[in-house]
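Chemist: After the sequence you'll find the predicted model.
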Amino acid sequence: MLRTMTLPTLLTWLRVASIPLVVGVYALPAHWLSVHERNLFASCLFVLAALTDWFDGFLARRWNQVSAFGAFLDPVADKLMVSAALLVLLQLGRIEALVALIIIGREIAISALREWMARIGRSRAVAVNWLGKVKTATQMVAIPLLLLDGRPFGLVPAAQWGGWLLDIAAALTLWSMLYYFKLALAGIRLSD
């Protein structure tokens, strides 16, 4: 148990703990925070949580504290954080249901695919690659911009930048899903 509670794992747990805060800020009574304050708080919290995603991986590799539990928890935390934020944005009317369905559906499908590939001994066939990382990075930039909703970001409102980036993330999501399914199919053929 002691080996699994490293600083990188603690940062991942903090990311999980931030999820109800991002969601909950929109459930606070209206007189506690203005709409702008809610958006700013949720966006900043999401950015901090996203930064812990990079930082916990960096520390785990640098300090040689990579663990099987951390490798399991890290992507789960990412998927929960992104899914919760997308559901908040959907409820607020800032994104389309189809975009949320594509991104969340892909995460479920790829998680199930990876589990199945691990059971047949072919987990390396669907290891994370650059395409999945670009997709994740694009989402992690798009979501806080959409949470800001309409505040200027340069010459274009943050929501417009966020919308464009989330559309790109949805396209990358479909592309990466097809890519992983193609890798899995090749892995299955090799195991037969």
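Modeler: That came in fine, so what should we check first?
Chemist: Which helix or strand lies directly C-terminal to the helix or strand containing Thr52?
Modeler: Here Thr52 sits within helix 35-62, counting by DSSP states H and E. Next along the chain after helix 35-62, taking DSSP H and E as the criterion, comes helix 68-91.
Chemist: Could you check the angle that following helix makes with helix 35-62?
Modeler: 160 degrees (axes from the mean of the first three to the mean of the last three Cα atoms, to 10 degrees).
Chemist: which strands and helices sit next to the next helix or strand after helix 68-91?
Modeler: Next in sequence after helix 68-91, counting helices and strands by DSSP H and E, comes helix 97-119. Packing partners of helix 97-119 (3 or more Cβ pairs under 8 Å, 6 or more residues apart in numbering; DSSP states H and E): helix 68-91, helix 158-191. For the C-beta atoms, the positions are set from N, CA and C on the backbone; glycine is no exception.
Chemist: Residues in contact with helix 97-119: which ones?
Modeler: If you take Cβ atoms under 8 Å, 6 or more residues apart in numbering as the criterion, helix 97-119 is touched by 75, 79, 82-83, 86-87, 89-90, 123, 125-126, 139, 166-167, 169-170, 173-174, 176-177, 180-181, 184, 187.
Chemist: Mind checking which of those residues are buried?
Modeler: Neighbour counting over these (16 or more other Cβ atoms under 10 Å) leaves 75, 79, 82-83, 86, 89-90, 125-126, 139, 166, 169-170, 173, 176-177, 180, 184, 187 as the buried ones.
Chemist: helices and strands of the protein: which one has the lowest mean pLDDT?
Modeler: strand 152-153 (a mean of 62; mean pLDDT, DSSP states H and E).
Chemist: helix, strand or coil for Met5?
Modeler: Assigned state for Met5: coil (three-state reduction, DSSP: H, G, I helix; E, B strand; the rest coil).
Chemist: any idea how far Lys135 is from Pro144?
Modeler: Going from Pro144 to Lys135 by Cβ to Cβ, to the nearest Å gives 16 Å.
Chemist: Equivalent analysis for Val22, please.
Modeler: Separation of Val22 from Lys135 (Cβ to Cβ): 20 Å.
Chemist: same deal with Ile102?
Modeler: 11 Å.
Chemist: So for the two, which sits in the more crowded spot?
Modeler: Applying other Cβ atoms under 10 Å to Ile102 and Lys135 shows that Lys135 carries more neighbours, namely 22 against 19.
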